[in-house]
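[1] A predicted structure for the sequence below; I have some questions about it.
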Amino acid sequence: MLNGTGIKIFSGTSHPELAEIIARRLGIPLSKAHISRSGIGETQVRIAESVRSDDVYIITSPSPSITPSATSVNTALMELCIMIHACKIASAKRITAVLPLFMYARQDKKDKSRAPITAKLVANMIQKSGCDHVITMDLHASQIQGFFDVPVDKLYAEPSAILYIRSHFDTKDVVIVSPDAGGAKRATSMADRLGVDFALFHKERKKANEVSRMVLVGSATGKVAILVDDMADTCGTLCLAAQHLAEAGASRIYAIVTHGILSGNALQRLEESVLEKLVVTNTLPQAENQQRCSKIEVIDIGNVLGEVIRRSHYGESVSKLFDEVPY
């Protein structure tokens, strides 16, 4: 709990529910900011209270574009930059961008001729706006931290996922599965902490973006197979991996991911798949997805973000949050 002196929490329009959860965790009200759009779509921001010499935290995360009212990733990014700038020229002492899902994180390298490194551009935009500190969760690529010249606290959803697994399953029956080789480090870390077996899928491709065959390395026979990944977008790989696990003799199949983007026909794929549940965190709004798909379950990470803000404000270490869930 905070005494509310010297700290302000602001929210963009993209995920106010998460901002409210964080503010309740801290025991302070959300600060007031008026955000609107002009006739041609320009974002207009007015900070409605003094931030002079305050420690300011701005929470924003793009909404899945499933409704006309959803805040697009580009709108959320402009809102963030404008709010940072507004607080900076209003003499805020320190400004922290709280980005549960870092925008454009998958565009982190030059993988083709003339391709941009958009994650670096976004980092530059946020810094040039006047940001002094960044808090994010489960970056798609860890090297994005190096795109910033300001401190970046990268949190992990792993402790919350492990707590969920321990409270819902008998761990002696569990196998943790990575849907691809790139997620092996995440999956092995979880398997080691739970003391369970680990497996992964090796993808064989005929051509780019077309998986011709998935080979399971490890055994899932008679086990509760839990697929783990950092994000679920179209859910094509997750659903295909789940099908292969069912054919390999897994008794039940779940998936746990940090960021549930769930674009395109992802919800239909999930409903038609052999997955019993897709467990996601609330780094993105999930209320409408839950209404449309009965297989989605949400883990609340608002308490983790609230605790890291509290520790950051008081200058305490946040490394303890890498291994355990705050209460």
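    That came through, no problem. Residues are numbered from 1 along each chain as shown.
[2] what is the one helix or strand residue 98 maps to packed up against?
    Using DSSP states H and E, residue 98 maps to strand 94-99. Under the contact definition 3 or more C-beta pairs under 8 Å, 6 or more residues apart in numbering; DSSP states H and E, strand 94-99 sits against strand 55-59, helix 73-89, strand 133-137, helix 302-314. No exception for glycine: its C-beta is placed from N, CA and C like everyone else's.
[3] next, the angle helix 73-89 makes with that strand.
    Using axes from the mean of the first three to the mean of the last three C-alpha atoms, to 10 degrees, the inter-axis angle of strand 94-99 relative to helix 73-89 is 170 degrees.
[4] which residues does the helix or strand that strand 94-99 is followed by contact?
    With elements assigned by DSSP H and E, the helix or strand that comes after strand 94-99 is helix 118-129. Helix 118-129 has contacts (C-beta atoms under 8 Å, 6 or more residues apart in numbering) with 77, 80-82, 84-85, 88, 97, 102-108, 134, 141, 144, 147-150.
[5] can I get helix 118-129 in CSV? Just the C-alpha atoms.
    What follows is helix 118-129, C-alpha atoms only, in CSV (Å, rounded to 0.1, in the frame of the first residue of the first chain):
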residue,chain,number,x,y,z
THR,A,118,10.5,-1.4,-35.6
ALA,A,119,10.9,-2.3,-31.9
LYS,A,120,14.0,-0.1,-31.8
LEU,A,121,12.0,2.7,-33.4
VAL,A,122,9.3,2.3,-30.7
ALA,A,123,12.0,2.4,-28.0
ASN,A,124,13.3,5.7,-29.5
MET,A,125,9.9,7.2,-29.6
ILE,A,126,9.1,6.4,-26.0
GLN,A,127,12.5,7.7,-24.8
LYS,A,128,12.3,10.9,-26.9
SER,A,129,8.9,11.6,-25.4
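[6] ok so residue 255 is a strand residue?
    Yes. Residue 255 sits within a strand when classified using DSSP: H, G, I helix; E, B strand; the rest coil.
[7] report the beta-bridge partners for it.
    residue 227, residue 278 (DSSP bridges).
[8] which residues does the residue nearest to residue 326 when sequence neighbours are not counted contact?
    With C-beta to C-beta, 6 or more residues apart in numbering as the criterion, residue 326 has its nearest non-adjacent residue at 4.1 Å, and that residue is residue 307. Residue 307 makes contact with 25, 321, 326 under the criterion C-beta under 8 Å, 6+ apart.
[9] residue 8: which element?
    Per DSSP H and E: strand 7-11 holds residue 8.
[10] and that strand, what's its mean pLDDT?
    When pLDDT is averaged over strand 7-11, the result is 96.
[11] paired strands for that strand, with orientation please.
    When DSSP bridges is applied, strand 7-11 pairs with strand 55-59 (parallel).
[12] now the angle between strand 133-137 and the strand it pairs with, please.
    Using the same axes, to 10 degrees, strand 55-59 lies at 40 degrees relative to strand 133-137.
[13] which residues touch strand 55-59?
    Identification of contacts with strand 55-59 by C-beta under 8 Å, 6+ apart yields 6-12, 15, 18-19, 22, 80, 83-84, 87, 92-98, 100, 135, 305, 309, 313.
[14] equivalent analysis for stretch 165-180, please.
    184, 186-188, 190-191, 194-201, 203, 216, 218-220, 222-229, 237-238, 241, 245, 250-251, 256.
[15] now that stretch, how far from the chain's geometric center?
    21 Å (C-alpha atoms, centre = their mean, to the nearest Å).
[16] over to stretch 74-84?
    Stretch 74-84 sits 18 Å away from the centroid of its parent chain (C-alpha atoms, centre = their mean).
[17] likewise for stretch 268-285?
    Here stretch 268-285 is found 15 Å from its chain centre; the criterion is C-alpha atoms, centre = their mean.
[18] ok, stretch 162-171 next?
    21 Å.
[19] just stretch 222-237 next, same as before
    15 Å.
[20] now do stretch 37-44
    On the basis of C-alpha atoms, centre = their mean, stretch 37-44 sits 27 Å off its chain's mean C-alpha point.
[21] that stretch: end-to-end distance?
    6 Å (C-alpha to C-alpha, to the nearest Å).
[22] quick one: average pLDDT of it?
    According to the model, stretch 37-44 has a mean pLDDT of 91.
[23] and it, what's buried?
    residue 43 (16 or more other C-beta atoms under 10 Å).
[24] next one: stretch 174-194
    174-180, 183, 186-187, 189-191, 193-194.
[25] check what pLDDT residue 86 gets.
    With respect to pLDDT, residue 86 has a value of 97.
[26] show the contacting residues for it.
    45-47.
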